[in-house]
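Participant: 3D model of this:
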Amino acid sequence: MKAIRRSTERGYADHGWLKSRHTFSFAEYHDPAHMGFGPLRVINEDRVAPGQGFGEHGHRDMEILSWVLEGALEHKDSMGNGTVIRPGELQRMTAGTGVRHSEFNGSREEPVHFLQIWVIPARGGLTPSYEQRAFTDAELADQWRLVASGKPRDGAITIHQDVDLYIARLQAGREIVHATQASRHLWLHVARGRAQVDGDVLEAGDAMAWTDTTEINVRAETDAEALLFDMTR
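Facilitator: Presented below is the predicted three-dimensional model:
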């Protein structure tokens, strides 16, 4: 099975300081047909105005990933972490038994544009933890770079679930392939640019899902950036 989720079909929220697109049901946006995909529960594309952000709030039993596309995101949490996340840096926060955090745009001039991703962990009650890692332009260029995994390797950060997250930044005209097992779920999200994916053209914000394939082909029609989740059912 192959299915396309168009950017314009996603949920949308405009809070003035925050403009957000929801790939799956989130907050006041509810769509029974899009409650998640395998253990992937949330992909929110957020744009936060200068000097604004999410005040302190709590989470439990969720793996929360942040991938910044533009600007810089300031993070603070009840574990004592205080960091800034910039393009090319992936943050993972395991909420586990409970954690409180805030995310702010510290710039007074530039907005911040980022993806917030939630993955349901393989089990509840984990000890809260935090991990952040920068990936260079060379690591991400024209290839699928493993950035997070339930079986971390090659410098990928840890997700407490059977999910491999890859990110690629492709120059126009470049083509890459990903091979997997037919028993896996795949979800590809185009973050920027335009790409042809298994013969279909996807624009920024579009996504494609597979449940029974062993190989996918991605060809960038413009410079593009994409995230690929290869995960358990």
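Participant: now the helices: where do they sit in the protein?
Facilitator: 137-140 (DSSP state H).
Participant: So what pairs up with the spatially most central residue of it in the strands?
Facilitator: Central residue of the chain (C-alpha atoms, centre = their mean): I117, 4.4 Å from the mean position. Legend: beta-bridge partners of I117 under DSSP bridges are I43, L65.
Participant: Identify the residues contacting it.
Facilitator: Residues near I117 by C-beta atoms under 8 Å, 6 or more residues apart in numbering: 40, 42-44, 64-67. All C-beta spots, glycine's among them, are computed from the backbone N, C-alpha and C.
Participant: now those as CSV including pLDDT?
Facilitator: What follows is the contacts of I117, written out as CSV (pLDDT from 0 to 100):
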residue, pLDDT
L40, 98
V42, 98
I43, 98
N44, 98
I64, 98
L65, 98
S66, 97
W67, 98
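Participant: Among those residues, which one is most surrounded by other residues?
Facilitator: Across the contacts of I117, neighbour numbers were computed from other C-beta atoms under 10 Å; I43 holds the maximum, 27 neighbours.
Participant: isn't that residue right up against T23?
Facilitator: Yes. In this structure, I43 is within contact of T23 by C-beta atoms under 8 Å, at 4.0 Å.
Participant: anything in contact with each of these two?
Facilitator: Common neighbours of I43 and T23, counting by C-beta under 8 Å, 6+ apart, are 189, 207.
Participant: okay, now the domains of this structure?
Facilitator: Domains of the chain are assigned by automatic domain parsing as 8-134, 137-231.
Participant: CSV for those, including distance to K2?
Facilitator: Converted to CSV, the domains of the chain look like this (distance: least, C-beta to C-beta, whole Å):
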stretch, distance to K2
domain 8-134, 13
domain 137-231, 5
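Participant: Most widely separated two among the contacts of I117?
Facilitator: Longest distance between any two of those is 14.9 Å, between L40 and S66; criterion C-beta to C-beta.
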